[in-house]
Structure formats: structure tokens, C-alpha cells
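*Asks:* 3D, please:
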Amino acid sequence: ILKDKHTKVKSVIGDFDNLKLPSCSLDFAIAWDSIHHSNNVVKTLLEVNRVLKDNGHLIIVDRGHNNSTSDAEIERMLNIRYSEEFLIENYLPKDKILTRKDNGEHEYKYDQWESFFKSSGFEVEASLILKEKHEKTLLSKNDANIEEKFVEFELGGFERKKIIYLLKKCKK
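*Replies:* Residues are numbered from 1 along each chain as shown. The predicted structure is shown next:
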């Protein structure tokens, strides 16, 4: 797709909080279903902010929950145990007890995401929730007034929906 510009795109695998890239070196970055694994979202976003050029953009595709979601419900989601099939597919002992929390999962509400962005020098330019057309998602509506669109394909992951944020790095 990129032809002679293929060197302009860099995929980075490794430590969220220690990107081996020069400051102000990227026009944009994409985080696909990964930021919820960060142990300190603001620290992670500050590091992304560091490597973005002024007015650079970050696109986040992740998960989010209504602001009214109780702490007890968040805890319930994090304590869900992975199935034997999941363990086998991931080369783990099939009798291992592994919860979503044990696997580094975190669950954030929409207002928490926006607080993380503000604290790390980002402005939300746009947001959108994509939802699978499924009985679990057809009746529910978010309480953050974020536009929702239904898709005809599987989104994968937990709860059959994704939140997408287009963030702009604020000028210093």
C-alpha cells in the first residue's frame, strides 16, 4: 500500500511507557485494543504525547463503559475466569486459574478515559462507539452521549463494542 514510503510507518512492540523513538518524531500513532492493559494510563499517554509532533494525533480503539457502571460490575468483569479453550489456545496449562485481571485487563468508564486524555495533554477531536448488531448491544445506549454505529461484522474482544477516540496533542 505504501510503496516507496513503507519506511515512514513504524510498528512499535514493547514497553508502553518507554517508546524507543525520538521526541516529536511522529505525525500520528494508533493504539488498537491495548491501552486498557496499561498499569498507568496517564503515564502511557504522556509517553505517546512525547513522541508526537505538535498537533499530532493519536487514534485509540479500545473498550469503554458507561459512567453509571458500578465498581462492583467492573470488579465482576475483571474476575471472569478464562475458559479451558482460551488457556489451551494460549499455551497455558488447561487447569490454570486465570482471571481477566490476572491477565492485565482494566476496565474504564468513558469519563475516566476523558480524564486520562486531559491529564496527558490530549484533546478529544472525535469519538465514536462501534457495536456489533447483537442482542446484547441493540438495547443498550451509552450515557456519555457518544455517537454509536452498528456494524455487520465481529469486533472481537469483550462486550461486542469498541470506543474510538481521535485525540490531538495540545500545543505546549
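*Asks:* quick one, strands of this structure?
*Replies:* Ranges of strands within the chain are 26-32, 52-62, 122-132, 148-151, 161-169, based on DSSP state E.
*Asks:* so can I have JSON lines of those showing distance to residue 44, mean pLDDT and mean neighbour count?
*Replies:* All C-beta atoms are positioned from the backbone trio N, CA, C, and that covers glycine. Shown next, in JSON lines, are these (distance: least, CB to CB, whole Å; pLDDT from 0 to 100; neighbours: other CB atoms under 10 Å):
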{"stretch": "strand 26-32", "distance to residue 44": "9", "mean pLDDT": "94", "mean neighbour count": "15"}
{"stretch": "strand 52-62", "distance to residue 44": "11", "mean pLDDT": "96", "mean neighbour count": "18"}
{"stretch": "strand 122-132", "distance to residue 44": "12", "mean pLDDT": "95", "mean neighbour count": "17"}
{"stretch": "strand 148-151", "distance to residue 44": "26", "mean pLDDT": "93", "mean neighbour count": "12"}
{"stretch": "strand 161-169", "distance to residue 44": "13", "mean pLDDT": "96", "mean neighbour count": "21"}
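*Asks:* for those strands, give me TSV that also has distance to residue 75.
*Replies:* Supplementary listing: the strands of the chain in TSV, determined by distance: least, CB to CB, whole Å:
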stretch	distance to residue 75
strand 26-32	25
strand 52-62	19
strand 122-132	23
strand 148-151	26
strand 161-169	20
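*Asks:* for the chain, name the helix or strand with the lowest mean pLDDT.
*Replies:* Within the chain, judged by mean pLDDT, DSSP states H and E, the helix or strand with the poorest mean is helix 135-138; its value is a mean of 69.
*Asks:* and the strands of the chain: which comes nearest residue 85?
*Replies:* strand 122-132 (20.5 Å; CB to CB).
*Asks:* and the closest one, what does it pack against?
*Replies:* helix 110-119, strand 148-151, strand 161-169 (3 or more CB pairs under 8 Å, 6 or more residues apart in numbering; DSSP states H and E).
*Asks:* which outside residues touch the second one?
*Replies:* Outside of strand 148-151, the residues within contact range by CB atoms under 8 Å, 6 or more residues apart in numbering are 128, 129, 130, 131, 132, 133, 137, 138, 141, 142.
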